[in-house]
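> Let me see the structure of the following:
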Amino acid sequence: MLFFKFIFQGWPETAALIFVAFAIVGYKPNLRESLSYSFFLVTIIYLFRILPVSFGLHTIVGVIALVLIICKVTKVSLGTSFLTAFSTMFLLAFLETGSHQLIKNLIGNVSMDQGWYWIMIGWPHVVSLVGVGIIIRKIRPIAMKKIRWLNEQ
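Here you go, the predicted model:
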């Protein structure tokens, strides 16, 4: 089941995360580039998930890897990369909590042991994250013209 969670939950969620992070900094990659960075990131995260280490370490490693990807690919400063990565992870946590609470109210509690149900309830926040990324891509050029001090590129 780990393979299916990797392909149908982890990779799309990480692709949406990368999409939003790149939208925040104003970088517009092609689909192949986004999918390759997200595959790299989700592979690192899942490798740390299967190791017998403290729970949550995969999140810290994921944030650090996301920071390095943003910094290296988009050529923004390390500080901007950290701010972007933490903002994106906060947005993911917010949307994930909201969608899980909504689904819990609609159909009841779903545990991680319920494989396909768990994968399916992960999709609403992925779609929401992509939607937020699209909105950011549309609004960012307008905001950058009005707020010059945010523009460091």
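
> How far away from the center of its chain is stretch 136-143?
Averaging C-alpha positions (Cα atoms, centre = their mean, to the nearest Å) puts stretch 136-143 19 Å from its chain's average.

> scratch that, stretch 31-40 is what I was asking about
Centroid separation between stretch 31-40 and its chain, computed with Cα atoms, centre = their mean, is 12 Å.

> Mind checking the pLDDT average for it?
For stretch 31-40, mean pLDDT rounds to 94.

> Report the buried residues of that stretch.
Within stretch 31-40, the residues that qualify as buried are 34, 35, 37, 38, 39, counting by 16 or more other Cβ atoms under 10 Å. Placement of C-beta: from N, CA and C, glycine included.

> Narrow the residues you listed to those in helices?
Mapping those onto helices (DSSP state H) picks out 34, 35, 37, 38, 39.

> host element of the spatially closest residue to the first one that is not a sequence neighbour?
The shortest distance from residue 34 to any residue that is not its chain neighbour, by Cβ to Cβ, 6 or more residues apart in numbering, is 5.5 Å, and that residue is residue 18. Per DSSP states H and E, residue 18 falls inside helix 11-25.

> Pull the residues that contact that helix.
If you take Cβ atoms under 8 Å, 6 or more residues apart in numbering as the criterion, helix 11-25 is touched by 28-29, 34-35, 37-39, 41-42, 45, 66, 69-70, 73-74, 76, 80-81, 84-85, 87-89, 91-92, 122-123, 125-126, 129-130, 132-134, 136-137, 140.

> I'd like to know which of those are buried.
So, by 16+ other Cβ under 10 Å, the buried ones in the contacts of helix 11-25 are 34-35, 37-39, 41-42, 45, 66, 69-70, 73-74, 76, 80-81, 84-85, 88-89, 91-92, 122, 125-126, 129-130, 132-133, 136-137.
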